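[1] Requesting a structural model of the entry that follows:
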Amino acid sequence: MELTVYLAGQIHDNWREELIEQAKTKGLSLNFVSPQVDHARSDSIGEDILGEQPNKLYQDDAASSINNFRTEVLMQKSDIVIGLFGEKYKQWNTAMDMATAITLNKPTILIRPESLIHPLKELSNKANVTVETIDHAIDVISYVFE
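    Below you'll find the predicted structure:
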């Protein structure tokens with residue numbers, strides 16, 4: 001069995017690579033997809049496809065439409081969605097992705113530090129599993145293969 005895992009979360013550090021490496025180390029048969037992790041590409045995709053936009057509002061709107069399309073396609077093809085919330089960034093997109101996954105009835109794992117227990121309490125309550133570390137998330141998925 002091979003599962004596809006959508007990795008929702010901020011794009012400013014290497015948490016995805018760390019998680020993927022742990023999955024490989026455990027020999028898990030997983031395929032990973034995610035939002036566009038090249039921030040410049042994500043911001044410019046609307047104009048790259050549709051041409052120059054008249055102002056920032058239209059630039060952001062065009063990019064958002066295409067990024068949301070990409071996210072929906074990849075998330076719908078995913079078997080599991082992992083959302084990582086860290087302390088450093090405001091993560092509106094992660095919250096939106098997790099809410100979308102829950103609405104689509106995707107099995108979800110929410111990773112968040114202890115300091116975010118209260119701000120994420122409702123989302124955590126809706127997720128299938130809430131953990132504090134990448135290690136814990138990989139252990140949850142490992143259990144599926146037992």
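[2] List the buried residues of the longest helix along the chain.
    In the chain, taking DSSP state H as the definition, the longest helix is helix 56-76. Residues 59, 62, 63, 66, 67, 70, 71, 74, 75 are the ones in helix 56-76 that count as buried (16 or more other CB atoms under 10 Å). For glycine as for every other residue, the C-beta is placed from the backbone atoms N, C-alpha and C.
[3] so can I have TSV of those residues showing pLDDT and distance to residue 84?
    Written out in TSV, the entries for the buried residues of helix 56-76 read as follows (pLDDT from 0 to 100; distance: CB to CB, whole Å):
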residue	pLDDT	distance to residue 84
59	97	27
62	97	27
63	97	22
66	98	23
67	96	18
70	96	19
71	95	15
74	97	16
75	97	15
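[4] about what we covered before: residues touching the next helix or strand after the longest helix of the chain, excluding its own?
    Moving toward the C-terminus from helix 56-76, the first helix or strand encountered (DSSP states H and E) is strand 80-84. Defining contact as CB atoms under 8 Å, 6 or more residues apart in numbering, one finds that strand 80-84 is touched by 3-10, 15, 19, 75, 94-95, 97-98, 101, 106-112, 127, 134, 137, 141.
[5] elements contacting the next helix or strand along the chain from strand 80-84?
    Per DSSP H and E, the first helix or strand lying C-terminal to strand 80-84 is helix 92-103. Helix 92-103 sits against strand 3-9, helix 56-76, strand 80-84, strand 108-111, helix 121-126, with contacts defined as 3 or more CB pairs under 8 Å, 6 or more residues apart in numbering; DSSP states H and E.
[6] Name every strand pairing with the first one and say which way it goes.
    Pairing partners of strand 3-9, with direction, according to DSSP bridges: strand 30-33 (parallel), strand 80-84 (parallel).
[7] Show me the shaky parts of the chain.
    By pLDDT under 70, the chain has no low-scoring segment.
[8] about what we covered before: now the contacts of strand 80-84: which count as buried?
    Buried residues within the contacts of strand 80-84, defined by neighbour count using 16+ other CB under 10 Å: 3, 5-10, 15, 19, 75, 94-95, 97-98, 101, 106-112, 127, 134, 137, 141.
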